[in-house]
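A.B. asks: fold the following for me, if possible:
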Amino acid sequence: MMETMRKPWVYKRKNIKGWWVGWYEGTKRKAKAFPNKGLAEHFCHIKYTQLNSDVFTSIVDFDGHQMVEEYRKAKQVEGLQEASIYEVMLTLGHLKRLAEPPSSRAVTQNNWTSSSWIAGKKSRRTL
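C.D. replies: Numbers count the residues shown, from 1 in each chain. Below you'll find the model as predicted:
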């Protein structure tokens, strides 16, 4: 199961002194109070880092072939059977043929998970 990025927030409660930071741990809502907004925002940044330590947020620039090869190696390290890796490579080959991502910079969570990017690619081919 793929988890989404978790984001804590800073808020002020009505008729209560101080600032609060809220976040979710699993399905449970957590909160912590601070005497001023600066400390709350600082804690919010720390909590964001803790909650998203498994999420890679940097930009890496690979070409399409390198992306496929890195993914194949990662699946081998995970211990997938050769037949499963073969199926993954076939699927990635089809995706690469249809979408033609020029590099990993073109692949983001917003445009890659929606079909609009691929549809846009198809419409540019027909022009």
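
A.B. asks: specify the residue ranges that define each domain of the chain.
C.D. replies: Per the record, the chain has its domains at 9-51, 64-126, by automatic domain parsing.

A.B. asks: which stretch in these is the model least sure about?
C.D. replies: Between the domains of the chain, the one with the least mean pLDDT is domain 64-126; it has a mean of 71.

A.B. asks: for the protein, what spans make up the helices?
C.D. replies: 37-51, 64-78, 82-99, 109-113, 116-126 (DSSP state H).

A.B. asks: now mean neighbour count and distance to residue 19 too, for those helices, in TSV please.
C.D. replies: All C-beta spots, glycine's among them, are computed from the backbone N, C-alpha and C. Output for the helices of the chain, formatted as TSV (neighbours: other Cβ atoms under 10 Å; distance: least, Cβ to Cβ, whole Å):
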stretch	mean neighbour count	distance to residue 19
helix 37-51	15	4
helix 64-78	13	41
helix 82-99	12	45
helix 109-113	11	30
helix 116-126	11	39
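
A.B. asks: can I get those in a markdown table with distance to residue 13?
C.D. replies: Formatted as a markdown table, the entries for the helices of the chain read as follows, by distance: least, Cβ to Cβ, whole Å:
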| stretch | distance to residue 13 |
| --- | --- |
| helix 37-51 | 12 |
| helix 64-78 | 45 |
| helix 82-99 | 47 |
| helix 109-113 | 32 |
| helix 116-126 | 40 |
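
A.B. asks: quick one: which of those is nearest residue 24?
C.D. replies: Proximity of the helices of the chain to residue 24 was assessed by Cβ to Cβ; the nearest stretch is helix 37-51, lying at 8.3 Å.

A.B. asks: which neighbouring elements make contact with the closest one?
C.D. replies: The elements that helix 37-51 packs onto, with contact taken as 3 or more Cβ pairs under 8 Å, 6 or more residues apart in numbering; DSSP states H and E, are strand 9-11, strand 19-25, strand 28-34.
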